[in-house]
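J.: give me a model of this one.
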Amino acid sequence: WDQQDALFMIAVSSGWFRSNWTVQEQRYRQRSRTSKFACCIIATPAPPSQLGLIFFTSQKPSTLTEVCRPFISIVNDRRILDGMFAVCGVPDIKFRTICSTVDKLDKMAWEDVKNEMVGEKGLAPEIADHIGGYVRLHGGLSLIEQLLQDPKLSQNKLAQEGLEEVKQLFKYLDLFGISDQISFDLSLARGLDYYTGVIYEAILLQEPNDRMEESVGVGSVAGGGRYDGLVGMFDPKGRKVPCVGVSIGIERVFSIMEQKMEASEEKIRTTETQVLVASAQKKLLEERLKLVSELWDSGIKVHLNHIWIKPIIRILGREKVAVARQTYSFFCFNRVCT
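T.: Numbering: from 1, shown residues only. This next block holds a predicted model:
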């Protein structure tokens, strides 16, 4: 897509923060995503920008497709949610609080969500039932077409705008060949208030077994959306700055990798280094560099050691240099590699 006038910003969280545990419905414990990789596209209002971020998390090969398999990306639009709440009869003042309750549908049964809407949020039961008829829908382009013809949603301008944009998004996804990995899900709400358009999440699935007929979601590993009004809040002139972004929960991904390694009982190589080049004498740097260069040229992954090497199993002295260069006899921490 054309980003000629756009600012593309990738922000990487390099700090590792204390991990917090949160208990959700007392059914499982989930490590908070305190370390994230964030990718944001700023000053680009066009829909293809959000397509790029969805493709970024769904393409093969990628960290998510290789490590967090199987997973599915789900999409929705805040304008569809707001339009849906309006046609269902939710008072404007309760849009955000009801939205935060809908966002719990990935962790709670519908009846529990409905009870919270009615008992805690003061929503009329019939309005909650009307919402339930929508938020339990999920599918693809055919569902979007169906909702565009919905007698009530078709009369709401916001809902129509959101549905048309998601429809266009699915057409783009089909061109990329990943539309089968994406689901349009009306229960996706992403509780943060600043989202203004398309929203999406990547959900890790639990593979089906004898007791389950289909895969079920067990947690989000990435999420994001469009937030066109957030940056402008900090502009003294109040200028609108279109933005869209996605974040990947690095700590969540690492936890999944650890679980898979433990389950497979495979011995996983913890470093890509194949050969360590080192010496116990100070005046052999040039010889070590030549040796490293030859190995790199041969496609061997080499680490040049700079620390005091004497405690290591054997010592490569000056008299061994010529032999080492001919036979590629290099000494690693626990064995001799020839």
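J.: rest of the way, CA atoms for contacts and neighbours
T.: Will do.
J.: so who does the nearest residue to Ile42 once chain neighbours are set aside touch?
T.: Leaving aside its chain neighbours, Ile42 sits nearest to Cys243 (4.5 Å; criterion: Cα to Cα, 6 or more residues apart in numbering). Contacts for Cys243 (Cα atoms under 8 Å, 6 or more residues apart in numbering) come out as 40-45, 226-228, 231.
J.: same check, this time on Gly245
T.: Per Cα under 8 Å, 6+ apart, neighbours of Gly245: 38-41, 50, 53, 224-226.
J.: list just the nearest of those residues to Ile199.
T.: Gly225 (4.0 Å; Cα to Cα).
J.: what would the contacts of Gly245 look like in JSON lines with distance to Thr196, pLDDT and secondary structure?
T.: Formatted as JSON lines, the contacts of Gly245 follow (distance: Cα to Cα, whole Å; pLDDT from 0 to 100; DSSP: H, G, I helix; E, B strand; the rest coil):
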{"residue": "Ala38", "distance to Thr196": "18", "pLDDT": "77", "secondary structure": "strand"}
{"residue": "Cys39", "distance to Thr196": "18", "pLDDT": "80", "secondary structure": "strand"}
{"residue": "Cys40", "distance to Thr196": "15", "pLDDT": "82", "secondary structure": "strand"}
{"residue": "Ile41", "distance to Thr196": "15", "pLDDT": "82", "secondary structure": "strand"}
{"residue": "Gln50", "distance to Thr196": "13", "pLDDT": "72", "secondary structure": "helix"}
{"residue": "Leu53", "distance to Thr196": "16", "pLDDT": "71", "secondary structure": "helix"}
{"residue": "Gly224", "distance to Thr196": "11", "pLDDT": "90", "secondary structure": "strand"}
{"residue": "Gly225", "distance to Thr196": "8", "pLDDT": "91", "secondary structure": "strand"}
{"residue": "Arg226", "distance to Thr196": "6", "pLDDT": "91", "secondary structure": "strand"}
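J.: just put those in JSON lines and tack on distance to Arg136 and neighbour count.
T.: Output for the contacts of Gly245, formatted as JSON lines (distance: Cα to Cα, whole Å; neighbours: other Cα atoms under 10 Å):
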{"residue": "Ala38", "distance to Arg136": "30", "neighbour count": "19"}
{"residue": "Cys39", "distance to Arg136": "30", "neighbour count": "19"}
{"residue": "Cys40", "distance to Arg136": "30", "neighbour count": "20"}
{"residue": "Ile41", "distance to Arg136": "31", "neighbour count": "22"}
{"residue": "Gln50", "distance to Arg136": "24", "neighbour count": "25"}
{"residue": "Leu53", "distance to Arg136": "26", "neighbour count": "22"}
{"residue": "Gly224", "distance to Arg136": "21", "neighbour count": "24"}
{"residue": "Gly225", "distance to Arg136": "21", "neighbour count": "27"}
{"residue": "Arg226", "distance to Arg136": "23", "neighbour count": "26"}
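J.: strands of the stretch 101-250 of the chain, start to end?
T.: Here the stretch 101-250 of the chain has its strands, by DSSP state E, counting those that start in this stretch, at 138-139, 182-185, 198-206, 216-226, 243-249.
J.: kindly report which one of these carries the lowest mean pLDDT.
T.: Lowest mean pLDDT within the strands of the stretch 101-250 of the chain: strand 216-226, at a mean of 75.
J.: that strand - contacts with which helices or strands?
T.: If contacts are counted by 3 or more Cα pairs under 8 Å, 6 or more residues apart in numbering; DSSP states H and E, strand 216-226 sits against helix 48-58, strand 198-206, strand 243-249.
J.: out of those, which is closest to Asp77?
T.: With respect to Asp77, and counting by Cα to Cα, the nearest of the helices and strands packed on strand 216-226 is strand 198-206 at 4.1 Å.
J.: neighbouring strands for that closest one, and are they parallel or not?
T.: Strand 198-206 sits in its sheet next to strand 71-77 (antiparallel), strand 216-226 (antiparallel), going by DSSP bridges.
J.: count the neighbours of the closest residue to Val231 other than its chain neighbours for me.
T.: Once flanking residues are discounted, Val231 sits nearest to Val241: 6.0 Å by Cα to Cα, 6+ apart. Neighbourhood size, Val241 [other Cα atoms under 10 Å]: 17.
J.: what of the one 5 residues further on?
T.: The tally of other residues near Val246 (other Cα under 10 Å) stands at 23.
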